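Engineer: sequence-free structure coming up:
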(Lines give C-alpha, C1' and ligand atoms only; values in the text may rest on other atoms or scores of the structure.)
Protein backbone atom coordinates (compact mmCIF):
# COMPACT_ATOMS: atom_id res chain seq x y z
CA UNK A 1 0.00 0.00 0.00
CA UNK A 2 2.80 2.37 1.03
CA UNK A 3 4.59 1.66 -2.24
CA UNK A 4 1.58 2.82 -4.26
CA UNK A 5 1.27 6.00 -2.23
CA UNK A 6 4.91 6.83 -2.91
CA UNK A 7 4.47 6.04 -6.59
CA UNK A 8 1.40 8.27 -6.74
CA UNK A 9 3.18 11.13 -5.00
CA UNK A 10 6.16 10.71 -7.28
CA UNK A 11 4.10 10.86 -10.45
CA UNK A 12 2.27 13.88 -9.07
CA UNK A 13 5.62 15.57 -8.45
CA UNK A 14 6.77 14.80 -11.98
CA UNK A 15 3.53 16.22 -13.33
CA UNK A 16 3.93 19.41 -11.29
CA UNK A 17 7.55 19.67 -12.36
CA UNK A 18 6.82 19.39 -16.07
CA UNK A 19 4.04 21.89 -15.69
CA UNK A 20 6.54 24.22 -14.03
CA UNK A 21 8.95 23.73 -16.91
CA UNK A 22 6.37 24.76 -19.48
CA UNK A 23 5.37 27.72 -17.39
CA UNK A 24 8.93 28.89 -16.81
CA UNK A 25 8.99 32.50 -17.87
CA UNK A 26 11.56 32.66 -20.63
CA UNK A 27 14.58 30.98 -19.08
CA UNK A 28 15.01 32.90 -15.84
CA UNK A 29 14.69 31.25 -12.43
CA UNK A 30 13.90 33.29 -9.33
CA UNK A 31 15.99 32.32 -6.28
CA UNK A 32 14.51 34.19 -3.32
CA UNK A 33 16.85 32.66 -0.76
CA UNK A 34 19.95 34.04 -2.46
CA UNK A 35 18.18 37.13 -3.78
CA UNK A 36 19.21 36.39 -7.37
CA UNK A 37 17.91 35.37 -10.78
CA UNK A 38 19.51 32.38 -12.52
CA UNK A 39 19.93 32.08 -16.26
CA UNK A 40 18.39 28.80 -17.49
CA UNK A 41 18.28 28.59 -21.26
CA UNK A 42 20.08 26.66 -23.98
CA UNK A 43 23.21 28.80 -23.52
CA UNK A 44 23.47 27.76 -19.87
CA UNK A 45 23.91 24.23 -21.22
CA UNK A 46 25.89 24.79 -24.42
CA UNK A 47 28.17 27.73 -23.60
CA UNK A 48 31.91 27.14 -23.38
CA UNK A 49 34.13 30.02 -22.30
CA UNK A 50 37.41 30.63 -20.52
CA UNK A 51 37.08 32.55 -17.26
CA UNK A 52 37.68 36.07 -18.63
CA UNK A 53 35.23 35.51 -21.48
CA UNK A 54 32.70 34.01 -19.07
CA UNK A 55 32.66 37.28 -17.11
CA UNK A 56 32.32 39.24 -20.33
CA UNK A 57 29.60 36.90 -21.58
CA UNK A 58 27.50 37.44 -18.44
CA UNK A 59 28.00 41.20 -18.54
CA UNK A 60 26.74 41.30 -22.12
CA UNK A 61 23.86 38.89 -21.54
CA UNK A 62 20.36 40.26 -21.99
CA UNK A 63 17.57 37.91 -20.93
CA UNK A 64 13.89 38.74 -20.42
CA UNK A 65 14.83 42.41 -20.53
CA UNK A 66 17.38 41.91 -17.75
CA UNK A 67 20.86 43.16 -18.62
CA UNK A 68 24.37 43.01 -17.13
CA UNK A 69 24.54 39.60 -15.48
CA UNK A 70 27.50 38.23 -13.52
CA UNK A 71 29.12 34.89 -12.69
CA UNK A 72 27.76 33.24 -9.52
CA UNK A 73 30.02 33.07 -6.46
CA UNK A 74 31.19 29.66 -5.28
CA UNK A 75 28.59 29.71 -2.48
CA UNK A 76 25.77 30.66 -4.88
CA UNK A 77 26.61 27.91 -7.37
CA UNK A 78 27.07 25.37 -4.56
CA UNK A 79 23.55 26.14 -3.31
CA UNK A 80 21.96 24.74 -6.50
CA UNK A 81 23.86 21.42 -6.38
CA UNK A 82 21.61 18.49 -5.44
CA UNK A 83 23.78 15.86 -3.76
CA UNK A 84 20.92 13.36 -3.63
CA UNK A 85 21.34 12.71 -7.35
CA UNK A 86 23.94 12.53 -10.14
CA UNK A 87 24.01 13.07 -13.92
CA UNK A 88 23.10 15.83 -13.41
CA UNK A 89 23.52 16.77 -9.73
CA UNK A 90 21.47 19.95 -9.94
CA UNK A 91 18.20 20.99 -8.33
CA UNK A 92 15.40 19.70 -10.58
CA UNK A 93 13.94 23.13 -11.28
CA UNK A 94 16.78 23.75 -13.73
CA UNK A 95 16.14 22.47 -17.25
CA UNK A 96 19.28 23.33 -19.22
CA UNK A 97 22.25 21.59 -17.67
CA UNK A 98 25.57 20.51 -19.12
CA UNK A 99 27.17 17.41 -17.62
CA UNK A 100 30.42 19.17 -16.94
CA UNK A 101 32.10 21.96 -14.99
CA UNK A 102 30.66 25.45 -14.51
CA UNK A 103 32.56 28.64 -13.71
CA UNK A 104 32.20 30.62 -10.49
CA UNK A 105 33.50 34.16 -9.92
CA UNK A 106 35.51 32.99 -6.91
CA UNK A 107 39.29 33.11 -7.27
CA UNK A 108 41.36 30.18 -6.02
CA UNK A 109 43.24 31.24 -2.87
CA UNK A 110 46.65 29.79 -3.80
CA UNK A 111 46.97 31.31 -7.28
CA UNK A 112 45.08 33.89 -9.30
CA UNK A 113 45.65 31.71 -12.37
CA UNK A 114 42.81 29.47 -11.19
CA UNK A 115 39.16 29.93 -10.17
CA UNK A 116 36.58 27.62 -8.58
CA UNK A 117 34.34 25.39 -10.68
CA UNK A 118 31.59 22.90 -9.83
CA UNK A 119 31.05 19.81 -11.95
CA UNK A 120 27.33 19.09 -12.29
CA UNK A 121 27.83 15.44 -13.23
CA UNK A 122 28.36 14.69 -9.53
CA UNK A 123 28.75 18.01 -7.69
CA UNK A 124 32.52 17.80 -7.35
CA UNK A 125 34.19 21.13 -6.58
CA UNK A 126 37.51 22.01 -8.17
CA UNK A 127 39.90 24.89 -8.94
CA UNK A 128 40.45 25.13 -12.66
CA UNK A 129 42.92 27.17 -14.72
CA UNK A 130 41.19 30.30 -15.98
CA UNK A 131 42.36 29.57 -19.52
CA UNK A 132 40.25 26.39 -19.61
CA UNK A 133 36.81 26.48 -21.22
CA UNK A 134 33.82 25.65 -19.04
CA UNK A 135 30.05 26.13 -19.17
CA UNK A 136 28.56 29.39 -17.92
CA UNK A 137 25.35 30.03 -15.96
CA UNK A 138 24.97 33.70 -15.09
CA UNK A 139 23.13 35.30 -12.17
CA UNK A 140 21.69 38.72 -11.51
CA UNK A 141 20.86 40.35 -8.18
CA UNK A 142 17.15 40.91 -7.73
CA UNK A 143 16.63 44.66 -7.29
CA UNK A 144 15.90 45.48 -3.63
CA UNK A 145 12.39 46.69 -4.47
CA UNK A 146 11.16 43.47 -6.08
CA UNK A 147 12.69 41.34 -3.29
CA UNK A 148 10.42 43.21 -0.91
CA UNK A 149 7.41 42.67 -3.14
CA UNK A 150 8.01 38.93 -3.50
CA UNK A 151 8.00 38.48 0.30
CA UNK B 1 18.80 19.59 30.06
CA UNK B 2 18.81 19.32 33.84
CA UNK B 3 19.64 22.54 35.73
CA UNK B 4 22.73 21.17 37.45
CA UNK B 5 24.08 20.00 34.12
CA UNK B 6 23.58 23.45 32.67
CA UNK B 7 25.35 24.96 35.65
CA UNK B 8 28.16 22.48 35.25
CA UNK B 9 28.49 23.29 31.55
CA UNK B 10 28.57 27.01 32.18
CA UNK B 11 31.03 26.59 35.03
CA UNK B 12 33.29 24.25 33.07
CA UNK B 13 33.31 26.52 30.04
CA UNK B 14 34.44 29.36 32.31
CA UNK B 15 37.01 27.31 34.18
CA UNK B 16 38.41 25.16 31.41
CA UNK B 17 38.98 25.50 27.72
CA UNK B 18 35.78 24.67 25.79
CA UNK B 19 36.02 21.80 23.33
CA UNK B 20 33.48 23.12 20.85
CA UNK B 21 32.61 26.29 19.00
CA UNK B 22 29.26 27.77 18.04
CA UNK B 23 28.99 29.37 14.62
CA UNK B 24 27.06 32.62 15.12
CA UNK B 25 25.80 32.63 11.55
CA UNK B 26 24.36 29.11 11.29
CA UNK B 27 23.82 28.28 14.96
CA UNK B 28 25.66 24.98 14.49
CA UNK B 29 28.04 23.88 17.24
CA UNK B 30 31.29 22.30 16.08
CA UNK B 31 33.70 20.01 17.86
CA UNK B 32 36.98 21.91 18.24
CA UNK B 33 39.38 19.98 20.45
CA UNK B 34 42.59 18.00 20.17
CA UNK B 35 40.74 14.89 18.96
CA UNK B 36 39.95 16.64 15.66
CA UNK B 37 43.69 16.62 15.08
CA UNK B 38 44.29 13.11 16.35
CA UNK B 39 41.35 10.94 15.30
CA UNK B 40 40.97 9.43 11.83
CA UNK B 41 38.22 6.95 10.92
CA UNK B 42 36.58 5.09 8.05
CA UNK B 43 33.23 6.56 7.03
CA UNK B 44 31.12 4.09 9.05
CA UNK B 45 33.35 4.50 12.10
CA UNK B 46 33.23 8.30 11.73
CA UNK B 47 29.42 8.24 11.92
CA UNK B 48 29.60 5.96 14.96
CA UNK B 49 32.31 8.10 16.60
CA UNK B 50 30.15 11.23 16.45
CA UNK B 51 27.06 9.40 17.69
CA UNK B 52 28.99 8.17 20.73
CA UNK B 53 30.84 11.43 21.38
CA UNK B 54 30.27 13.12 24.74
CA UNK B 55 31.60 16.65 24.73
CA UNK B 56 30.89 19.78 26.78
CA UNK B 57 28.04 17.91 28.44
CA UNK B 58 26.28 17.03 25.19
CA UNK B 59 25.65 13.66 23.58
CA UNK B 60 23.76 14.66 20.42
CA UNK B 61 26.79 14.95 18.15
CA UNK B 62 26.69 13.73 14.55
CA UNK B 63 28.83 13.71 11.43
CA UNK B 64 28.10 16.91 9.40
CA UNK B 65 26.68 16.78 5.88
CA UNK B 66 28.69 18.18 2.97
CA UNK B 67 26.53 21.33 2.89
CA UNK B 68 26.99 21.83 6.65
CA UNK B 69 30.75 21.40 6.33
CA UNK B 70 30.85 24.06 3.62
CA UNK B 71 29.37 26.56 6.11
CA UNK B 72 32.74 26.55 7.94
CA UNK B 73 34.86 26.40 4.78
CA UNK B 74 36.26 29.59 3.31
CA UNK B 75 37.60 28.87 -0.17
CA UNK B 76 39.08 32.39 -0.27
CA UNK B 77 41.81 31.30 2.15
CA UNK B 78 43.93 28.15 2.11
CA UNK B 79 45.93 25.73 4.19
CA UNK B 80 43.51 25.44 5.85
CA UNK B 81 40.46 26.73 3.95
CA UNK B 82 38.73 27.15 7.31
CA UNK B 83 36.79 30.13 8.64
CA UNK B 84 38.17 32.13 11.54
CA UNK B 85 37.34 31.22 15.12
CA UNK B 86 38.46 27.57 15.24
CA UNK B 87 41.28 26.54 17.54
CA UNK B 88 42.11 23.34 15.69
CA UNK B 89 43.15 24.25 12.17
CA UNK B 90 44.48 21.34 10.18
CA UNK B 91 45.21 21.14 6.54
CA UNK B 92 43.85 17.65 5.89
CA UNK B 93 40.89 15.62 4.62
CA UNK B 94 37.61 15.21 6.53
CA UNK B 95 34.62 12.91 6.15
CA UNK B 96 31.12 14.31 5.63
CA UNK B 97 27.92 12.35 6.29
CA UNK B 98 26.74 12.78 2.68
CA UNK B 99 26.81 9.49 0.71
CA UNK B 100 27.81 9.74 -2.95
CA UNK B 101 24.50 9.39 -4.85
CA UNK B 102 26.31 7.70 -7.74
CA UNK B 103 27.57 4.86 -5.52
CA UNK B 104 26.02 5.32 -2.05
CA UNK B 105 27.04 1.93 -0.63
CA UNK B 106 30.73 2.36 -1.37
CA UNK B 107 31.48 6.07 -1.56
CA UNK B 108 30.90 9.21 0.49
CA UNK B 109 31.90 12.86 0.17
CA UNK B 110 35.18 13.93 1.66
CA UNK B 111 36.39 17.49 1.82
CA UNK B 112 39.98 18.60 1.80
CA UNK B 113 40.68 21.50 4.13
CA UNK B 114 43.80 22.42 2.14
CA UNK B 115 41.80 24.42 -0.37
CA UNK B 116 38.20 23.34 0.30
CA UNK B 117 37.62 20.96 -2.59
CA UNK B 118 35.08 18.13 -2.26
CA UNK B 119 35.05 14.77 -4.00
CA UNK B 120 33.41 11.38 -3.46
CA UNK B 121 35.76 8.73 -2.14
CA UNK B 122 35.82 5.08 -1.09
CA UNK B 123 34.22 4.93 2.36
CA UNK B 124 36.80 2.47 3.68
CA UNK B 125 39.45 5.20 3.61
CA UNK B 126 40.29 6.89 6.90
CA UNK B 127 40.01 10.66 7.27
CA UNK B 128 39.63 13.22 10.03
CA UNK B 129 36.34 13.87 11.77
CA UNK B 130 34.85 17.09 13.14
CA UNK B 131 31.45 16.39 14.67
CA UNK B 132 28.58 18.87 14.83
CA UNK B 133 25.41 19.38 16.84
CA UNK B 134 22.28 21.48 16.41
CA UNK B 135 20.62 22.42 13.14
CA UNK B 136 21.05 25.23 10.66
CA UNK B 137 18.98 28.27 11.61
CA UNK B 138 17.12 29.88 8.71
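Structural biologist: It's in. Computed from a prediction, not measured in an experiment: that's the story for all the values here. Numbers count the residues shown, from 1 in each chain, chains lettered A, B, ... in the order given.
Engineer: for residue B:51, helix, strand, or coil?
Structural biologist: helix (DSSP: H, G, I helix; E, B strand; the rest coil).
Engineer: where do the helices sit along the chain?
Structural biologist: Defaulting to chain A. A:2-23, A:43-46, A:51-60, A:74-78, A:144-150 (DSSP state H).
Engineer: my question was about chain B, not that one.
Structural biologist: Counting by DSSP H, the helices of chain B are B:3-15, B:34-38, B:43-52, B:66-70.
Engineer: what's the third one packed up against?
Structural biologist: Packing contacts for helix B:43-52, counted by 3 or more CB pairs under 8 Å, 6 or more residues apart in numbering or on different chains; DSSP states H and E, involve strand B:93-99. C-beta: built from backbone N, CA, C; applies to glycine.
Engineer: how much does the strand it packs on deviate in direction from helix B:43-52?
Structural biologist: Put simply, strand B:93-99 runs at 90 degrees to helix B:43-52, going by axes from the mean of the first three to the mean of the last three CA atoms, to 10 degrees.
Engineer: ok, residues contacting strand B:93-99?
Structural biologist: Applying CB atoms under 8 Å, 6 or more residues apart in numbering or on different chains, the external contacts of strand B:93-99 come out as A:83, B:41, B:43, B:46-47, B:62-69, B:107-113, B:118, B:127-130.
Engineer: one more: stretch B:112-124?
Structural biologist: A:108-110, A:122-127, B:42-44, B:66, B:70, B:73-75, B:78-82, B:90-94, B:96, B:100, B:102-103, B:106-111.
Engineer: list buried residues within those.
Structural biologist: For the contacts of stretch B:112-124, a neighbour count by 16 or more other CB atoms under 10 Å in any protein chain shown gives the buried set as A:108-109, A:122-125, A:127, B:42-43, B:66, B:70, B:73-75, B:78, B:80-82, B:90, B:93-94, B:96, B:100, B:107-111.
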